[in-house]
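below is the sequence, then the predicted model.
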Amino acid sequence: MEEKKKVLVTGAAGFIGSHVAKRMLDLGYDVATIDNLSTGYRSNIPEGVTFYEGDCFDQAIIENLEKTNWSSIIHIAGQSSGEISYDNPVYDLQTNTQSTLMLLKLAQKTGCNSFVYASSMSVYGDRLDSEAKESDQVSPKSFYGVGKLASEHYLRIYTDYNLTCTSLRLCNTYGPGQNMENMRQGMVSIFLSQAINDSHIHVKGDKDRFRDFSYIDDVVHAFERSMEFCDNKYRCLNVTRNIKITVEELVTEIRNLFDEDISVRYEGSTPGDQVGVYGDNTMISKELSWAPSVSLREGLQKMYDWAK
């Protein structure tokens with residue numbers, strides 16, 4: 001019987017990581033994860049996944065993983081909030097950038113050829129006049145965005161060591177399984193949680209700010225397709241719907257899910273917050289034959305049904 005290929009999916013106790021790990025199991029891979037449970041839950045880790053509890057920049061954990069011949073490493077774990085990155089910039093650097101460098105060295109040592117990284121649209125900074133393209137100049141506004149951009153450069157350099165590397169620049173990902181208790185991470189989950197619990201949405205920032213939103217199933221598909229590359233090249237791809245949605249439009253869509261009235265207040269601000277960015281998806285369509293399949297309205301309804 002042929003031995004299963006082994007895949008490391010970091011952050012499988014979290015939202016995106018748990019969905020990706022589940023998909024890898026469904027595809028027949030032997031899956032392991034590293035997670036420090038800082039924002040995720042042990043119960044989110046799919047049954048059958050080997051779990052290493054701790055930080056992805058923990059040298060002892062990395063050394064333990066050197067004994068395995070990894071087929072692919074998918075690095076999703078990390079502090080994922082621009083706002084929270086201001087609380088402890090050093091930790092943000094460790095969890096998002098140092099961890100990436102250590103995992104790339106792990107890939108090199110174990111003969112792994114495929115490395116896929118969860119980057120972010122935050123690397124662009126603001127794009128007020130047009131959609132962001134992968135070839136555009138980047139100017140992140142938060143410590144979080146700076147760390148993500150640095151990690152992308154490490155991936156690019158590591159292709160010189162016979163490693164195929166892909167950075168997926170994710171926009172606001174949402175869907176069932178998102179942490180509804182974390183009020184500092186995830187625009188959709190924050191607003192939906194407030195609406196369910198308080199019949200009120202408090203928006204920190206201007207209603208005319210805008211984002212791009214991707215449903216979780218579409219994002220998982222992008223990770224799955226990215227693993228298929230095996231040519232020692234570097235790719236950077238926007239995982240977006242290429243649709244500009246204002247905060248006010250998002251709030252309206254969420255309010256429309258409810259029978260009762262949901263009040264709204266716009267007050268305050270968030271450090272390092274982007275005024276607006278949405279992303280061109282021409283390149284990922286060409287490279288991966290990928291296209292988003294779930295509309296915002298359909299995705300919000302699915303998430304609402306799950307959350308209720």
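Good, I have the coordinates.

so I243: helix, strand or coil?
Using DSSP: H, G, I helix; E, B strand; the rest coil, the structure places I243 in coil.

okay, it: pLDDT?
Note on I243: pLDDT of 97.

contact partners of stretch 151-160?
The contact list for stretch 151-160 (Cβ atoms under 8 Å, 6 or more residues apart in numbering) reads 96-97, 100-101, 104, 107-108, 115, 117, 119, 123, 165-167, 232-234, 236. C-beta: built from backbone N, CA, C; applies to glycine.

what subset of these is buried?
Those of these that meet the buried threshold are 96-97, 100-101, 104, 107, 115, 117, 119, 123, 165-167, 234, 236, by 16 or more other Cβ atoms under 10 Å.

in strands, which of the residues you listed appear?
F115, Y117, S119, C165, T166, S167, Y234, C236 (DSSP state E).

other SSEs contacting the helix or strand of the chain with the lowest mean pLDDT?
Least confident helix or strand of the chain, by mean pLDDT, DSSP states H and E, is helix 89-93 with a mean of 92. Contacting helix 89-93 under the criterion 3 or more Cβ pairs under 8 Å, 6 or more residues apart in numbering; DSSP states H and E are the following elements: helix 143-158.

in the helix it packs on, which residues are buried?
Buried residues in helix 143-158 (16+ other Cβ under 10 Å): 143-152, 154-155, 158.

off-centre distance for stretch 287-299?
15 Å (Cα atoms, centre = their mean, to the nearest Å).

now do the same end-to-end measure for it.
25 Å (Cα to Cα, to the nearest Å).

stretch 159-173 now?
Using Cα to Cα, the two ends of stretch 159-173 sit 28 Å apart.

what separates that stretch from the chain centre, distance-wise?
Per Cα atoms, centre = their mean, the centroid offset for stretch 159-173 relative to its chain is 12 Å.

tell me the average confidence for it?
Average pLDDT, stretch 159-173: 96.

domain ranges for the protein, per the record?
6-174+214-242+279-293, 187-209+244-276+298-307 (automatic domain parsing).

out of those, nearest to E181?
Among the domains of the chain, domain 187-209+244-276+298-307 comes nearest to E181, with 7.3 Å by Cβ to Cβ.

which of the ones in strands among the buried ones among the contacts of stretch 151-160 lies closest to N182?
S119 (20.4 Å).

helix or strand: which one has the closest residue to P176 other than its chain neighbours?
Among residues not flanking P176 along the chain, W306 sits closest, at 3.7 Å (Cβ to Cβ, 6 or more residues apart in numbering). Applying DSSP states H and E as the criterion places W306 in helix 296-307.

and that helix, what does it pack onto?
By 3+ Cβ pairs under 8 Å, 6+ apart, helix 296-307 packs against strand 172-174, helix 187-198, strand 213-215, helix 247-255.

and it, average pLDDT?
On average, helix 296-307 scores 98.

what's the answer for stretch 183-200, then?
Rounded mean pLDDT across stretch 183-200 is 94.

buried set for it?
By neighbour count on 16+ other Cβ under 10 Å, the buried set for stretch 183-200 is Q185, G186, M187, V188, S189, I190, F191, L192, S193, Q194, A195, I196.

turn those residues into CSV, columns for distance to V294.
Formatted as CSV, these follow (distance: Cβ to Cβ, whole Å):
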residue, distance to V294
Q185, 21
G186, 17
M187, 17
V188, 13
S189, 16
I190, 20
F191, 18
L192, 16
S193, 20
Q194, 23
A195, 20
I196, 21
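
related to what we said a few turns ago, quick one: which of the ones in strands among the buried ones among the contacts of stretch 151-160 is nearest to D87?
For those, the closest approach to D87 (Cβ to Cβ) belongs to S119, at 21.1 Å.

so the closest one makes contact with T166?
No: here S119 does not reach T166: they are 9.4 Å apart, not a contact under Cβ atoms under 8 Å.

what's the distance between P46 and T68?
Using Cβ to Cβ, to the nearest Å, P46 is found at 19 Å from T68.

looking at these two, which one has more neighbours?
P46 (19 against 15; other Cβ atoms under 10 Å).

now do the phi/psi pair for the closest residue in space to that one that isn't next to it in sequence.
Of all residues not flanking P46 in the chain, K22 sits nearest, at 4.5 Å (Cβ to Cβ, 6+ apart). Note on K22: backbone dihedrals following degrees, to the nearest 10 are phi -60, psi -40.

name the residues of stretch 217-228 that are buried.
D217, D218, V219, V220, H221, A222, F223, E224, R225, S226, M227.
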